[in-house]
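Sequence below, structure please.
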Amino acid sequence: MADHIRKRRDVNRVLYHLVCPAKYRRKIFTSSVEETLKKICRDFAPAYDPRFVEIGTDEDHVHFLIQSVPMMLPARIAQVTKSITAKRIFSKHPEVKQYLWGGKFWTSGYYINTVRLHGNEEQIRKYVQEQGKTYQQIHRDQLTLF
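Numbers count the residues shown, from 1 in each chain. Model prediction:
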């Protein structure tokens, strides 16, 4: 169960379920791309304040369970996540460019929703894990106090 984030004057618990499809729904999430994605998310998260609670891939899209602070808008979380991961995956895996012409890694859209405190976190976690036929959990972390 997710903990609350405690800042100087605020206490909150904001969780988002973010789904990002690869451009053209290409099946590009190999184990090496998944490992890179996980490392990228863990590396950039402290600078931008989201915490990746769980990351899972399903061949052509990624599910993120993200804890953040209310000051960071959901659209900004999606934008930062998509732009940083795309740039760094292209840098470390130039081979994926052959499947994703036009220089775009993600589709222009995404799905994002909040996760309620009581009951829904586990439901969303289960939903994320049961997506598609080839779901592969590539990261899971315990929520901690910031």
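
The helix or strand containing residue 114: which residues count as buried?
Here residue 114 sits within strand 111-115, counting by DSSP states H and E. Buried residues in strand 111-115, counting neighbours by 16 or more other CB atoms under 10 Å, are found at 112, 115. C-beta: built from backbone N, CA, C; applies to glycine.

do stretch 69-82 as well
Here stretch 69-82 shows 72, 74, 77-78, 80-82 as buried, counting by 16+ other CB under 10 Å.

and the residue nearest to the spatial centre of the chain, backbone torsions?
Residue closest to the average C-alpha location in the chain (CA atoms, centre = their mean): residue 64, at 3.1 Å. Main-chain dihedrals, residue 64, degrees, to the nearest 10: phi -120, psi 130.

What sits closest to it if chain neighbours are left out?
Closest residue to residue 64 apart from its sequence neighbours, by CB to CB, 6 or more residues apart in numbering: residue 18 at 4.3 Å.

go on, residue 93?
residue 33 (5.6 Å).

Kindly confirm whether my reading is correct that the one you found touches residue 94.
No - the pair residue 33 / residue 94 is not scored as a contact, 11.5 Å apart, by CB atoms under 8 Å.

per-residue confidence for the closest residue to residue 105 other than its chain neighbours?
Leaving aside its sequence neighbours, residue 105 sits nearest to residue 86 (CB to CB, 6+ apart; 3.5 Å). What the model reports for residue 86 is a pLDDT of 96.

would you say residue 86 is within a helix?
Yes - using DSSP: H, G, I helix; E, B strand; the rest coil, the secondary structure at residue 86 is a helix.

so who does it touch?
104-106 (CB atoms under 8 Å, 6 or more residues apart in numbering).

cool, residue 60 as well?
21-22, 25-29.

Now for the closest residue to it other than its chain neighbours, how many residues are close by?
With CB to CB, 6+ apart as the criterion, residue 60 has its nearest non-adjacent residue at 4.5 Å, and that residue is residue 25. Counted with other CB atoms under 10 Å, residues neighbouring residue 25 total 11.
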